[in-house]
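Trainee: how does the following fold in three dimensions:
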Amino acid sequence: MGARTFISGWPVYRQLTGDDPLGRGAAVKSEHSATLQPRVRTASKVVKSVCPYCAVGCGQNVYVEDGPDGERVTQIEGDPDSPVSRGRLCPKGAASLQLTTGSSREYKVRYRRPHGKDWEDLELDTAMDMIADRVIETRRAYWQDEAEGRYVNRTMGFASLGGATLDNEENYLIKKLFTALGAIQIENQARV
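Mentor: Next up, the predicted model:
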């Protein structure tokens with residue numbers, strides 16, 4: 001590559017010597033930028049969603065592509081039609097694609113026994129039964145009908161702290177569940 005070819009490749013040179021003196025068109029385009037395609041061009045459909053990270057409820061457009069292994073999410077962007085966020089997402093919301101496609105996402109139940117050093121895989125039904133047994137056992141062990149001469153009908157044995165990756169509906173159902181179980185310490189990370 002000669003010096004003349006190198007210099008003619010500079011956008012400033014093309015701007016000063018070409019038909020685009022303001023540098024708003026062809027002068028600033030490179031061969032590489034002319035071949036670029038939008039990340040969402042290959043998506044087969046767009047699904048409207050809500051960002052799962054906090055209680056704000058920013059709208060998201062989830063771009064889904066058909067592939068040989070079924071559908072997969074290829075991009076998540078802010079929804080310009082959302083009255084809440086008007087197409088904008090915070091850094092966490094903009095990175096929410098990792099929730100669906102991240103390499104560190106687990107697709108199976110992992111369990112480490114008390115005082116154990118290694119994780120083991122469990123069947124989902126086994127894990128759910130273990131959780132239910134522990135909740136029932138703890139509720140029985142710490143149930144209070146009365147406290148300080150007042151009828152309380154509660155348990156002080158467990159509490160709930162909802163995560164910010166849960167949406168409002170999920171947190172509403174969790175609140176109802178723990179209230180029905182008799183827990184009184186119920187909170188959500190998005191509000192803390």
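
Trainee: with adjacent residues omitted, what lies nearest to residue 156?
Mentor: residue 142 (5.4 Å; CB to CB, 6 or more residues apart in numbering). (Glycine included, C-beta is placed from N, CA and C.)

Trainee: ditto for residue 147
Mentor: Per CB to CB, 6+ apart, closest to residue 147 is residue 154, 7.8 Å.

Trainee: wait, that neighbour sits on residue 142?
Mentor: No: if you go by CB atoms under 8 Å, residue 154 and residue 142 don't touch, sitting 9.1 Å apart.

Trainee: of these two, which one has the most company?
Mentor: Set residue 154 next to residue 142 and count neighbours by other CB atoms under 10 Å: residue 154 wins out with 18 against 14.

Trainee: ok, residue 152 touching residue 146?
Mentor: Yes: counting by CB under 8 Å, residue 146 is a contact partner of residue 152 at 6.3 Å.

Trainee: ok, residue 154 - contacts?
Mentor: 143, 144, 147, 182, 183, 184 (CB atoms under 8 Å, 6 or more residues apart in numbering).

Trainee: just checking, which helix or strand of the chain averages the lowest pLDDT?
Mentor: Least confident helix or strand, the chain: helix 3-8 with a mean of 58, by mean pLDDT, DSSP states H and E.

Trainee: can you classify the residue lying closest to residue 87 once chain neighbours are set aside by secondary structure?
Mentor: Closest residue to residue 87 apart from its sequence neighbours, by CB to CB, 6+ apart: residue 80 at 3.6 Å. Here residue 80 is recorded as coil under DSSP: H, G, I helix; E, B strand; the rest coil.

Trainee: rewinding a little: what bridges to the residue nearest to residue 147?
Mentor: Residue 154 forms beta bridges with residue 144, as assigned by DSSP bridges.

Trainee: confidence score at it?
Mentor: We have a pLDDT of 91 for residue 154.

Trainee: cool, and residue 157?
Mentor: At residue 157, pLDDT is 93.

Trainee: can you show me the strands along this protein?
Mentor: Using DSSP state E, the strands found in the chain span residues 45-50, 59-67, 70-78, 109-111, 120-122, 143-147, 150-155, 160-162, 186-188.
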